[in-house]
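> structure of the sequence below:
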Amino acid sequence: MLSERLLGHSAERKGTPELASGSWFVENVREELDAAGEWFYNESTRQLYLWPNGTQVGGAAPSPDKTLIVPQLTTLVRIDGGARDVAIRDVGFRDAAPSFLEHRWGVPSGGDWALYAGGAVVLNQTTNINITGCNFTRVDGNALFLGGRNERASIVGCSFSWVGDCAIALWGESDEWNATAGEYPNNTLIEGNVFRELGIHEKQSSPVFIAKAARTTIARNLMFNLPRAAINLNDGAMGGHLIEHNVIFNSCRESGDHGAINSWDRQPFLHSEGGAPSFSPLPIVVRENYITANYGASQGVDNDDGSSFYDIHSNIFYAADGFKMDYGGHDSSFSSNLVIVAPYDGQNCVNVGSFSEHHGDAFVNNTCVLLDCRSPDCVDKVGHVAQCEPSKVTLAANDYYTQHGNASLECGTNVLTVAQVQAKGLELGSTAAKLPSDATLLGWAEARVGKWL
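Numbering: from 1, shown residues only. The predicted structure is shown next:
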């Protein structure tokens, strides 16, 4: 069994019921049977009414060759108790039961997301578990759940589709803020997988969810058709994660207000991953990814409340804001990225809040292309910085391309040209020019991708 400490940060357990979900729900009401996928069971007549999805069964009623499946188990396979050196290869997993009304829900850490502590496949207290070439489909909760201590697990070359909640969820244990016992996933490899059509029941879900874990590598995955973020880092915790060479698009299709990669860091954790105990996480690196922030997404990487110690470099972001940090983040770097801001008024290249001296974020050596605005009187504003002070933020060597060949930056409440910002000691070495041709822009992108391969 998973440790009850795993749920120790549940809002309900902590005496803050306003943050907990309601204790009641309504189901099995005949009058509410009005949409595909819904059903009603008449207990007195023992009749089941089902409104089928016509795209699945080929018409208004199920065809004879279709089978109605009623899942019974939320967990199909559990590996725990110190198991090590186990390989699961080329296995299909499907028809795990929904978990959104189960009781093992909690708030893992300082992010916005709650999570069900379980999945179709559960790993806990394991070493060297390798899941390769497997297919997870039609599982109605989390597909794969790593709870507590799991060393060197790998999920490689798998397919995840039509999953009710998250595809892969990592949730470590801690004694409140103290994680020095090491009871969390460490050195997890998530590589070469395909994630699509996720979050069928639980919209606050992702292909990869991370809470209280260390050194997770997320590489060479394809992620698309998602209700919310593709990757959610619910905290900085131990850090040390590497996110590289992923292709992400069609995220936030049923939401908005954040990016394809979303992060939080409202709560520090004491850990020993760097040797001596420390509250500072290891750097989190996001590099050489291609991300389109379409649908409700706004940024390629959305560093939300308190996100710190991020190194975001050499990515291509299309239809996306550039660097974004708000509400207390610090000591992060955004460099050598190609940011193509789509023609939506309000998007920009950099948008950061305030910092303490010598702990500000850095926006350096980026190429930002602000495509044609929709309105004829559009201002070529490339971003907003709360403080135009070199001791509190670093802006340098960026190339801005705009409709009119000008670039202005909102410094606090003042809108200044790049030249005026340079007079304040920022944006040294930065340039502004008119938009390049489509061929030139594609050439820049192709050259970057060529370096990744």
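
> for the closest residue to N150 other than its chain neighbours, give me the pLDDT.
Spatial nearest neighbour of N150, excluding adjacent residues (CB to CB, 6 or more residues apart in numbering): P185 at 4.5 Å. C-beta here means a position set from N, CA and C on the backbone, and glycine is covered the same way. Per-residue pLDDT puts P185 at 98.

> contact partners for P185?
The contact partners of P185, by CB atoms under 8 Å, 6 or more residues apart in numbering, come to L146, R149, N150, A153, L170, W171, G172, A213, A214, T216.

> the same query, at a cut-off of 10 Å, please.
Going by CB atoms under 10 Å, 6 or more residues apart in numbering, P185 touches 123-124, 126, 146-153, 169-172, 210-216, 238.

> which of the residues you listed fall within strands?
When strands are assigned by DSSP state E, the members of these inside them are L123, T126, L146, G147, N150, E151, A169, L170, W171, I210, A211.

> now render those as TSV, adding pLDDT and neighbour count.
TSV is the format used below for the ones in strands among the contacts of P185 (pLDDT from 0 to 100; neighbours: other CB atoms under 10 Å):
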residue	pLDDT	neighbour count
L123	98	26
T126	98	23
L146	98	27
G147	96	28
N150	98	26
E151	98	16
A169	98	30
L170	98	30
W171	97	29
I210	98	31
A211	97	27
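
> of these, which is the nearest to D380?
Using CB to CB, I210 is the member of the ones in strands among the contacts of P185 that lies nearest D380, at 37.3 Å.

> hang on, the closest one packs against I218?
Yes. Look at I210 against I218 with CB atoms under 10 Å: they come within range, at 8.7 Å.

> hang on, the earlier thing: from the ones in strands among the contacts of P185, pick the one nearest D140.
Nearest to D140 among the ones in strands among the contacts of P185: A169, at 14.3 Å, using CB to CB.

> from P277, how far out is the closest one?
Distance of A169 to P277, given as CB to CB, to the nearest Å: 27 Å.

> same check, this time on N398
Taken as CB to CB, the span from N398 to P277 is 38 Å.

> same question for A447.
Taking CB to CB, one finds A447 at 44 Å from P277.

> and T292, by the same measure?
For T292, the distance to P277 (CB to CB) stands at 41 Å.

> what's the single longest helix in this structure?
helix 438-452 (DSSP state H).

> which elements pack onto that one?
Other helices and strands packing on helix 438-452, by 3 or more CB pairs under 10 Å, 6 or more residues apart in numbering; DSSP states H and E, are strand 290-292, strand 316-318, strand 338-341, strand 367-370.

> shared neighbours of I210 and I218, anything?
Residues touching both I210 and I218 (CB under 10 Å, 6+ apart): I168, T188, I190, I231, L233, H241.

> top of those residues by neighbour count?
Neighbour count (other CB atoms under 10 Å) singles out L233 as the most crowded of the shared contacts of I210 and I218, with 33 neighbours.

> which residues does that one contact?
By CB under 10 Å, 6+ apart, the residues touching L233 are 109, 111, 170, 206, 208-211, 213, 216, 218, 239, 241, 243, 261-265, 284, 286, 301, 303-304, 307, 310.

> in strands, which of those residues fall?
Of the contacts of L233, the ones assigned to strands by DSSP E are 170, 208-211, 218, 243, 261-263, 284, 286, 301, 303, 310.

> alright, I will stop here.
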